[in-house]
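A.B. asks: predicted model, plus sequence, below.
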Amino acid sequence: MAARARRTAKDWECARARLYEMLVDAARRRETVAYKDVAVHVFGGTVPARSRLIMDLLTEVDEQVHAEKGVIIASLVVRADSGIPGIGYFHFIADRFGRDISDPRTAWCEEAEKVWVAYGQK
């Protein structure tokens with residue numbers, strides 16, 4: 001991933017860990033987080049909220065979580081103006097995971113609910 005190449009391996013792993021922890025915390029609270037909040041929390045606001053760097057990082061975290069829990073944790077990252085993920089998310093879940101996105105809002109709601117259930121209190 002080209003954006004990742006501009007970061008050291010240590011910086012990338014720290015960013016991944018921060019993003020993972022942020023998303024797991026949001027999942028446990030049954031909340032979403034805005035792309036801009038991800039940019040601030042993970043990179044101190046030094047990269048644009050919807051940058052390739054953040055998308056690459058989300059993809060890596062998502063693949064890890066999907067392998068472990070079978071859910072798409074990136075479903076919790078949303079646009080501040082609409083409250084749902086950007087169009088790239090929908091292409092991602094269709095291409096990578098074969099999800100039906102003919103009704104995007106329904107597809108997103110179903111995926112977010114799966115994440116919240118997977119991380120719910122036991």
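C.D. replies: The structure has been received and is ready for your questions. Numbers count the residues shown, from 1 in each chain.

A.B. asks: just checking, next helix/strand downstream of the helix or strand hosting Arg96?
C.D. replies: If you go by DSSP states H and E, Arg96 is part of helix 87-97. The first helix or strand that comes after helix 87-97 along the chain, using DSSP H and E, is helix 104-118.

A.B. asks: pull that following helix out as CSV, backbone CA atoms only.
C.D. replies: Taking C-alpha atoms only, helix 104-118 is exported to CSV below (Å, rounded to 0.1, in the frame of the first residue of the first chain):
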residue,chain,number,x,y,z
PRO,A,104,-26.5,1.0,1.0
ARG,A,105,-28.2,2.2,4.2
THR,A,106,-29.6,-1.2,4.9
ALA,A,107,-26.3,-2.9,4.1
TRP,A,108,-24.5,-0.6,6.5
CYS,A,109,-27.0,-1.0,9.3
GLU,A,110,-26.8,-4.7,9.1
GLU,A,111,-23.0,-4.7,9.1
ALA,A,112,-22.8,-2.2,12.0
GLU,A,113,-25.2,-4.3,14.0
LYS,A,114,-23.1,-7.4,13.5
VAL,A,115,-20.1,-5.5,14.8
TRP,A,116,-22.0,-4.3,17.9
VAL,A,117,-23.2,-7.8,18.6
ALA,A,118,-19.7,-9.3,18.2
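
A.B. asks: so what's Tyr119 up against?
C.D. replies: 24, 27-28, 69 (Cβ atoms under 8 Å, 6 or more residues apart in numbering). C-beta here means a position set from N, CA and C on the backbone, and glycine is covered the same way.

A.B. asks: against Arg105, how distant is it?
C.D. replies: 22 Å (Cβ to Cβ, to the nearest Å).

A.B. asks: look up how far Ala67 lies from the residue minimising distance to the centre of the chain.
C.D. replies: Closest to where the C-alpha atoms of the chain average out (Cα atoms, centre = their mean) is Ala74, at 2.4 Å. Going from Ala74 to Ala67 by Cβ to Cβ gives 14 Å.
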